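K.L.:
Sequence and computational prediction follow.
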Amino acid sequence: MKKDIEEIIRNLGKISKSIGDKNVLVTGGAGFLGSWICEVLVEQGAKVTCLDNLASGLESNISSMRDKGNFKFIEHDITQPIFFDVPIDVVMHLASRASPFEFEKYPIQILKANTLGIWVALGIAKEHGARFLYTSTSEIYGDANEIPTTEEYRGNVNPIGPRSCYDEAKRCGESYVIAYKNQHGLDTRIARIFNTYGPRMRAEGVYGRVIPRFVEQALGNNPITIFGEGTQTRSFCYVTDQVEGLLKLAFSEGAKGEVVNIGSTKEITILSLAKLINELTNSSSKMEFHPLPKDDPQRRNPDISKAKKLLGWGPKVELEVGLMRTIERF
Ligand SMILES: NC(=O)c1ccc[n+]([C@@H]2O[C@H](COP(=O)([O-])OP(=O)(O)OC[C@H]3O[C@@H](n4cnc5c(N)ncnc54)[C@H](O)[C@@H]3O)[C@@H](O)[C@H]2O)c1
């Protein structure tokens, strides 16, 4: 992991120098992406406040930072008001459960984190005159019929389907961000994150997203559970690339008010992904096919030309390499 953090810092280039003097609030900072972000910020000398209610995050994700003078953890639910008497220059709002199984089990918490929660987080940014970054998602495009999907695409979303607690909540979250930008002149940035994976992603129970779930099943020589025939596609971005993109969007001077897709453009079917993971783990797991959940998007692939032009960002870690780094951690 240390090497991965060093790689992110190297790839941030001149942006990394503008991080050190900042006070940054990271909501959802004990989660998968949030803890990587906190770690890079702490390493660069920023004063980091990590706020998390540990709904899906883990204390172990942030334990290595707990004794650092420039890191503070606050256990708090962002849907409840909170005030800070220390300066805050940048708010990064990541707090939200994000696994499809959690959509089923905790739909109201997810809606609240991206509506009431973002309202609280935007209020903090407004009070402190801070910059605001929101981690939205490719899910706001729904089952897109424009592939690769650009930021202009408006979405094909079912407002009353099983995923609506997540995709409609994120759409509402984006609307909040734009309202605060327009009405209060806040410096805002919206990242539309496409599937990201890597160490610290949870595999178990409702937290398990596809890659950690497949890796754990393959390592145990247990059946790999595929929904549908596995012909649906996703484009998987390794965490170091994603975190670099998010930090470039948050800390670049020229990105005020922008909405940017951040993800890999290499599309793969879920069946090919399962086979690849089987191969990389030398597993004897069999494929087990389950009914496709309702409204599962058929294809997902971003157009990232805006991120390339605006941030000089593009993914660098090949899928096989990122998978091996992830498998090692398991
Ligand atoms: N990882 C991905 O592929 C991906 C893709 C698209 C969007 N995103 C977005 O990125 C963000 C981080 O996702 P992640 O993959 O790290 O998920 P994660 O579940 O690992 O992290 C989310 C964190 O938010 C915390 N949280 C949830 N509700 C909260 C609340 N009400 N108050 C305070 N903390 C709360 C959780 O405890 C957890 O630590 C989320 O907003 C997610 O929607 C992630």
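P.N.:
Received, thanks.
K.L.:
in this protein, which ranges drop under the pLDDT threshold?
P.N.:
In the predicted model, the chain carries no residue with pLDDT under 70.
K.L.:
quick one, longest helix in it?
P.N.:
helix 164-184 (DSSP state H).
K.L.:
so who does the residue of the chain most remote from its centre touch?
P.N.:
Computed with C-alpha atoms, centre = their mean, the maximum C-alpha offset from the centroid of the chain is found at residue 284, amounting to 31.3 Å. Neighbouring residues of residue 284 by C-beta atoms under 8 Å, 6 or more residues apart in numbering: residue 221. C-beta: built from backbone N, CA, C; applies to glycine.
K.L.:
rewinding a little: show me how far the longest helix of the chain is from its chain's centre.
P.N.:
Centre-to-centre, helix 164-184 and its host chain are 16 Å apart (C-alpha atoms, centre = their mean, to the nearest Å).
K.L.:
next SSE after that helix?
P.N.:
Later in the chain than helix 164-184, the nearest helix or strand by DSSP states H and E is strand 188-193.
K.L.:
does that following strand come close to the ligand?
P.N.:
Yes. Part of strand 188-193 sits near the ligand under the criterion C-beta under 6 Å from any ligand atom, namely residue 193.
K.L.:
so after that strand, what's the next helix or strand?
P.N.:
Following strand 188-193 toward the C-terminus (DSSP H and E): strand 196-197.
K.L.:
Which neighbouring elements make contact with that next one?
P.N.:
strand 237-238, helix 239-251, helix 319-329 (3 or more C-beta pairs under 8 Å, 6 or more residues apart in numbering; DSSP states H and E).
K.L.:
Would you pull up how far the second one lies from the middle of the chain?
P.N.:
Chain-centre distance of helix 239-251: 10 Å, with C-alpha atoms, centre = their mean.
K.L.:
Please apply the same query to the last one.
P.N.:
If you compare the mean C-alpha spot of helix 319-329 with that of the full chain, they lie 18 Å apart, counting by C-alpha atoms, centre = their mean.
K.L.:
again, but for the first one
P.N.:
Averaged C-alpha coordinates place strand 237-238 at 10 Å from its chain's average position (C-alpha atoms, centre = their mean).
K.L.:
Enumerate every residue touching residue 181.
P.N.:
For residue 181, counting by C-beta under 8 Å, 6+ apart, the contacting residues are 187, 188, 257.
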